[in-house]
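> Quick one, structure for this:
(chains A and B)
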Amino acid sequence: MKDNDLRLDGNAAGGLLNEIFPFEMTTAEATCGGCGTMKLFGEVMFYRHGMGAILRCADCDTALIRITHVRGCYRLDLSGISYLRIVADIH
Amino acid sequence: MAQQLKWQLGTVVEIRQETPKVKSLILEVPGWTTHLAGQHVDVRLMAEDGYQAQRSYSIASPPEDTYLMLTVQHIEDGEVSPYLTDELRVGDRIELRGPIGGYFVWNARDEKNDDSPLFLVAGGSGIVPLMAMIRHRANSGDKVPTKLLYSSPYHEEIIYREELDHISANDSSLRVIHTLTRRQPQNWMSYGRRIDRAMLADTAWRPAEKPLAFTSGPTTLVETVANYLQELGYKPECIKTERFGPTGGRTV
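Take a look at the predicted model:
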């Protein structure tokens, strides 16, 4: 099985992101710090591993967010995002 | 409005065998606040020793239904689906949170969608979120021209086969096109191969008709479909994808 087969849409990260941010995050817009592409989180690439999860830019593969959740502590590396816009009133 | 999803308990009120490997769980979830067609829920199982496993499942029922339907494919060596398809009984309760997702959704009442014909492409259990859209469309009386291209390995593994036949027989604006990749029954009149560029060129709305495409299923199928639709002239922002991972059982 190729690693690419494990790729999901950021849409599948909605539940995890909602544990941290109190919004429907799949419709938040992230601008990639690597290439400047702006996409909804629902549209980016999502990889989940035993250690945590990574959202990657669909165009240049830059890691937008790395998330781990270990012993009751979330750790987020957000260095791949240059700008984040969250629509607060989708529901 | 900010909202933090809470884990809720859903009670199984009915279990429906859809195909040899696929069951639908019909759940009563007190306080469920409705959803949009295409959204999913996270399901969490906890063992007695505290070990947790969690997966995402697309919602099969339309927003109009009282009960929530999840359709689950049994994945060999899966952590969650064998429990859901083999162990769960009517009256049992499972933990879930949702609805989740604002991207892979279709709403008949959304004015932006009015003129866009729908092109739905599913592989295997990828039909589930698209079925919620088809049911929602039927319930709301929406007649936006819609085509479903649906790939299954065998005839007996076509999920919702009879319901799709029934809905499309009574609605000339909905066309269902099957392809069977492994074996075709005698006198099979439709496609008998994996979805490829020629099949999409034959079945998809032309880009000039400003279609909206939704494709879901195994990751490789979804990416193949999305790439070919772009080659055929579909705008990337008009192709919504829902990758289910390697086997069609989304491992989240």
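
> center of the chain - which residue?
This is for chain A. A:L55 (3.6 Å; CA atoms, centre = their mean).

> that's the wrong chain, I wanted chain B
Residue closest to the average C-alpha location in chain B (CA atoms, centre = their mean): B:V128, at 2.0 Å.

> just to revisit the earlier point, now name the helix or strand holding the residue nearest to the centre of chain A.
Assigning secondary structure by DSSP states H and E places A:L55 in strand A:52-56.

> Please name every helix or strand in contact with that strand.
Contact here means 3 or more CB pairs under 8 Å, 6 or more residues apart in numbering or on different chains; DSSP states H and E; on that basis strand A:52-56 packs against strand A:45-49, strand A:63-70. C-beta: built from backbone N, CA, C; applies to glycine.

> right, and these - which one's nearest chain B?
Chain B lies closest to strand A:45-49 among the helices and strands packed on strand A:52-56, at 5.5 Å (CB to the nearest CB).

> Output the below-cut-off pLDDT ranges for chain A.
A:1-5, A:90-91 (pLDDT under 70).

> Around chain B, pick out the residues from it.
Chain A comes close to chain B at residues A:1, A:4-16, A:18-19, A:22-24, A:26-27, A:40-43, A:46, A:48, A:88-91, as judged by CB under 8 Å from any CB of the partner chain.

> Look at residue 26 and say how many residues are nearby.
All of this is about chain A. For A:T26, the count of nearby residues is 27 (other CB atoms under 10 Å in any protein chain shown).

> meant chain B actually
Residues near B:I26, counting by other CB under 10 Å: 21.

> and it, what are its bridge partners?
Here B:I26 sits in beta bridges with B:E14, B:M69, going by DSSP bridges.

> so who does it touch?
Listed by CB atoms under 8 Å, 6 or more residues apart in numbering or on different chains, the contact set of B:I26 reads B:12-16, B:61, B:67-69.

> State the pLDDT value of it.
On pLDDT, B:I26 comes in at 98.

> Just the strands from the chain, written as ranges.
In the absence of a named chain, chain A is used. For chain A, the strands defined by DSSP state E occupy A:8-9, A:29-32, A:38-40, A:45-49, A:52-56, A:63-70, A:73-77, A:81-85.

> ah, no, chain B please
Taking DSSP E as the criterion, chain B carries its strands at B:8-19, B:22-28, B:40-46, B:52-58, B:68-73, B:93-100, B:118-123, B:146-152, B:174-180, B:212-217, B:239-243.
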